[in-house]
Structures are given as C-alpha cells and as structure tokens.
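Asks: The sequence and its predicted three-dimensional model are supplied below.
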Amino acid sequence: MDRRSIVVCTVAGFLGLVSALLGFIAEAKRIKGSQVEFSSPSECVYPQSPALALGLTAAVSLMIAQIVINVATGCICCIREHPSTLNWTLGLLCFVISWFTFVLAFLLLLSGASLNDEHGEENIYFGNYYCYVVKPGVFAGAASLSLVSVILGIIYYLTFNSSSTKVVSQTGIAMGQPHPNQDPVFVHQDTYDRRQLS
C-alpha cells in the first residue's frame, strides 16, 4: 500500500469513527418521552439536549468521509478497461452498498437531529396535541450504517486502486526484447542512413 492510500484510508476511517461515535452519543443524549413536560394541554416543554448538534456533526463527518473516498478513487465510469475479476466485482458491490448505506445513514442522522428539536403538532381531526420525540434506535442505527458505509468505501477504494494499477501495468508501453532463439542481425550503416532519410 502506498503513502496516498494510507492517508486516504486513515482520514476516511477517522471521520467514519467520529460519525459513528457521535451518532451513538446522540442516541444516549436524545430526548426521551418521559422527559417532555406539558405546561398546558397544547404546549410541550422539552429539556435541553445536545443530540441536534451531535447528529448534524455526525452527518457532516460522514459526508466528508464519503467525499474523500470518492475523490481519491476518481470516477468509476471513466475507466474503460477493467479486468473482469472477483476483486473488481467486489469493489463495485462495495461501491453500490456504500452509497446506499451512506444515503440512509445521512438521512437518518438529519431526520433524527431535526425531530429531536423542540416541536409539537396538533391533530386537527381529534383535537389532540402530540409532542414528537425521536424513536429509540434512530441515531444508533444511523451510527452503525455510517460505520458500514465508510468500511465498504475503504474496501472499494483499495480494491479499485489495485485493479486500476493492474490495468495500467497491463496496457503499458511494450518494450522490445530479444527473442531467445534468434541471433542479432547486423545492419550496415548505409542501409540505416537510407531508412532514416525516407
């Protein structure tokens, strides 16, 4: 593994761990239903919670990790020649699942953070007033998905790098090598000069 790969994997892995850790902390710090108080039948009083800031920071960390991996890898569609090997298929599968888990984790972190913010809504059909809180497991699920997304992204990056290196080395410049069963051929200087002028 070269130095660039080590830097990319370290930065992306660190950001993925930060995102997952912040997601798990946001799960622990989220507002629970038992913490909400009613000052009146139509007003909810929420306690202070850092879950909003933690969820948003986790989402931003995850997004930066995904950007680092994809910018370092480059455009997968731009590669015209790629070996049809198990490694390439594994890399492509990791790429697709990584993006799927990234989108899901990002949306869960954002929606969990916004729903943890203080608000309530009146049900106009029955005249009831609901105080919304984030369901248990939303932040933890998003944290787990963000960790999976970054791990699969790193596997994709490493697999893609090894595959693209093999493609470049296979399609490099052909160098003339003497055939082992042939003797060298002597070309007279006049013949050589005539070929150069024509």
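Replies: Noted; the coordinates are in hand. Numbering: from 1, shown residues only.
Asks: In the protein, where's the longest helix?
Replies: If you go by DSSP state H, the chain has its longest helix at helix 138-170.
Asks: Tell me the buried residues in it?
Replies: By 16 or more other C-beta atoms under 10 Å, the buried positions in helix 138-170 come out as 138-161, 163-164. C-betas here are computed from N, CA, C, even on glycine.
Asks: In terms of secondary structure, what does that helix contact?
Replies: Packing partners of helix 138-170 (3 or more C-beta pairs under 8 Å, 6 or more residues apart in numbering; DSSP states H and E): helix 3-29, helix 51-73, helix 86-115.
Asks: and these as CSV, adding distance to Cys44?
Replies: Converted to CSV, those look like this (distance: least, C-beta to C-beta, whole Å):
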stretch, distance to Cys44
helix 3-29, 18
helix 51-73, 16
helix 86-115, 13
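Asks: which of those has the lowest average pLDDT?
Replies: When the helices and strands packed on helix 138-170 are compared by mean pLDDT, helix 86-115 comes last with a mean of 87.
Asks: Let me know the angle separating that one from helix 138-170.
Replies: Counting by axes from the mean of the first three to the mean of the last three C-alpha atoms, to 10 degrees, helix 86-115 lies at 150 degrees to helix 138-170.
Asks: Go through helix 86-115 and flag the buried ones.
Replies: Here helix 86-115 shows 88, 91-92, 94-95, 97-99, 101-102, 104-106, 108-109, 112-113, 115 as buried, counting by 16+ other C-beta under 10 Å.
Asks: Can you check what angle separates it from helix 51-73?
Replies: Going by the same axes, to 10 degrees, helix 86-115 makes 160 degrees with helix 51-73.
Asks: the inter-axis angle of helix 86-115 versus helix 3-29?
Replies: Using the same axes, to 10 degrees, one finds that helix 86-115 and helix 3-29 are set 30 degrees apart in direction.
Asks: Output the contacting helices and strands for helix 86-115.
Replies: Secondary-structure packing of helix 86-115 (3+ C-beta pairs under 8 Å, 6+ apart): helix 3-29, helix 51-73, helix 138-170.
Asks: which ones are touching the nearest residue in space to Ile97 that is not next to it in sequence?
Replies: Distance criterion C-beta to C-beta, 6 or more residues apart in numbering; nearest residue to Ile97, sequence neighbours excluded, is Leu152 at 5.4 Å. Applying C-beta atoms under 8 Å, 6 or more residues apart in numbering, one finds that Leu152 lies in contact with 94-95, 97-98, 101.
Asks: Need the per-residue pLDDT for Leu152.
Replies: Listed pLDDT for Leu152 reads 93.
Asks: just Ser198 next, same as before
Replies: In this prediction Ser198 is given a pLDDT of 55.
Asks: Quick check: the two most widely separated of the contacts of Leu152?
Replies: Checked with C-beta to C-beta, the contacts of Leu152 reach their widest spread between Phe95 and Thr101, with 11.2 Å between them.
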